[in-house]
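below are the sequence and a predicted model for it; my questions follow.
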Amino acid sequence: MASPAFPPVKDASTDPLPLSVPQAPKSLYTSALSPLTSAFSRFSQWRKSLDLPNPGTVENLQKEVKSTHLTNFMFDGARADLTKSLSMNPAFQVTHSFILGSQVSTPSYNFGAVFANNDMFLQGSVDHEGNVSARMNQGWAENSITKIQTQLSSQAGHSMIQLEHDYQGQDYSLNAKAVNPWPADLTGIYIGNYFQSVTKNLALGVETLYQRPTPDMSEFTTSYLAKITSDDKNWIATAQVQPSGILQATYWQKLHEKVEVAADLQLMASPQRRDAIATLGAKYDLRMATFRAQLDSTGKVSALLEQRFAPTFAFLVAGEIDHFKNAAKVGVGVMIESSTLTPEEMGMPPQH
């Protein structure tokens, strides 16, 4: 019987040692950055465990106050806005606007169009003098939006372009903006801001503005922001301070489901000028109407009533009295909306 064959035993004294595969040395950069990345990872996990809310954007810092006050709604003379909806999804509508008899602006006509879907918003308008304005918002993600705004005018110095990007994190927001940038000599206006929630009720931020109208002239300013929100979000207080001596503070409160009040204080305490303006306003929502009233420290008392007689027809009456200048302004307007769509296409219950 044949004996089993075994592999020969190698003599360690005569067999050469196997060649070892050289291992790549660990990167010095990785070793140097490892403590930083580890600390950043622990800091991010700690921030996430706090469950802080997003503070909103700096642009909307005083959103509730502006919605309550009359500054963005006041008008005089006669105006009419005729809107026609051509599509609901995607949204597409056109608007004809007329202004007559105003003390602060000449009679004008404006044609506008709006297109919007889930990712994009487009808006454009042209007036009777040929001035064109356009705006585009492109959403790359739910928290990342690029905005482009432009205006073309026959008047010198009135044309502009603005590039902007918004990014909103879990508990912070970032914004970068450039107005009339020119890469050749870096002229233009550049704005950047950062807004961070510190607690569930307090958010702090900073905004920096760099303007360079000519290559040999530049200016750099920084302002600091604060926002306090109640737990039930029924009141909001904000403040914006510039080291040059400019302060703006606002307070908004929802007294009732249909009643909101707001106060705004603008203070300037620079060596060249000292001034202050305080504004109080209130908004009352009725079933088919909205009434706004406002009083400021310059002696102006104003009010605006928007009465809707139907979902597609509204009548507006505005008035302002300047007690210090002994002047008054009155405005009337209508807003009419029409559509070629059926109630089902507009998302309304079918008519029987």
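Done, it's in. Keep in mind that this is a model prediction, so the values were computed, not measured.

how about the contacts made by the residue nearest to M120 when sequence neighbours are not counted?
Spatially, and ignoring its direct neighbours in sequence, M120 is nearest to Q138 (5.6 Å; CB to CB, 6 or more residues apart in numbering). Where C-beta positions appear, they are placed from N, C-alpha and C, glycine not excepted. By CB atoms under 8 Å, 6 or more residues apart in numbering, the contact list for Q138 reads D119, M120, I145, T146, K147, I148.

widest-spaced pair of those?
D119 and I148 (14.4 Å; CB to CB).

so, low pLDDT: which residues of the stretch 251-352 of the chain?
Residues of the stretch 251-352 of the chain meeting the criterion pLDDT under 70: 340-352.

then stretch 288-304 to PDB, C-alphas only?
Taking Å, rounded to 0.1, in the frame of the first residue of the first chain, the C-alpha atoms of stretch 288-304 are listed here in PDB:
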ATOM      1  CA  MET A 288     -65.200  89.000   3.400                       C
ATOM      2  CA  ALA A 289     -63.000  92.100   4.100                       C
ATOM      3  CA  THR A 290     -59.600  93.200   5.600                       C
ATOM      4  CA  PHE A 291     -59.200  96.500   7.300                       C
ATOM      5  CA  ARG A 292     -55.700  98.000   8.100                       C
ATOM      6  CA  ALA A 293     -55.000 101.200  10.100                       C
ATOM      7  CA  GLN A 294     -51.700 102.900  10.800                       C
ATOM      8  CA  LEU A 295     -50.400 105.900  12.800                       C
ATOM      9  CA  ASP A 296     -46.800 107.200  12.900                       C
ATOM     10  CA  SER A 297     -44.900 109.900  14.700                       C
ATOM     11  CA  THR A 298     -44.700 112.100  11.600                       C
ATOM     12  CA  GLY A 299     -48.400 112.900  12.000                       C
ATOM     13  CA  LYS A 300     -49.700 110.600   9.300                       C
ATOM     14  CA  VAL A 301     -52.900 108.600   9.900                       C
ATOM     15  CA  SER A 302     -53.900 106.100   7.200                       C
ATOM     16  CA  ALA A 303     -56.400 103.300   6.600                       C
ATOM     17  CA  LEU A 304     -57.200 100.800   4.000                       C
END
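
buried ones in that stretch?
T290, R292, A293, Q294, D296, K300, S302, A303, L304 (16 or more other CB atoms under 10 Å).

on that earlier part again, partner strands of the strand or helix carrying the residue nearest to M120, with direction?
Remark: Q138 resides in strand 132-141, with elements defined by DSSP states H and E. Strand 132-141 has its sheet partners listed here by DSSP bridges as strand 120-127 (antiparallel), strand 144-152 (antiparallel).

can you give the contact residues for the first one?
So that's strand 120-127. 108-116, 132-139.

so how far is E164 from the residue nearest to M120?
Q138 sits 11 Å away from E164 when distances are taken as CB to CB, to the nearest Å.

where do the strands sit along the stretch 1-150 of the chain?
Ranges of strands in the stretch 1-150 of the chain, per DSSP state E, counting those that start in this stretch, are 77-88, 91-100, 108-116, 120-127, 132-141, 144-152.

angle of the fourth one against strand 91-100?
By that I understand strand 120-127. Computed by axes from the mean of the first three to the mean of the last three CA atoms, to 10 degrees, the angle separating strand 120-127 from strand 91-100 equals 30 degrees.

and the angle from strand 120-127 to strand 108-116?
Using the same axes, to 10 degrees: strand 120-127 against strand 108-116 is 170 degrees.
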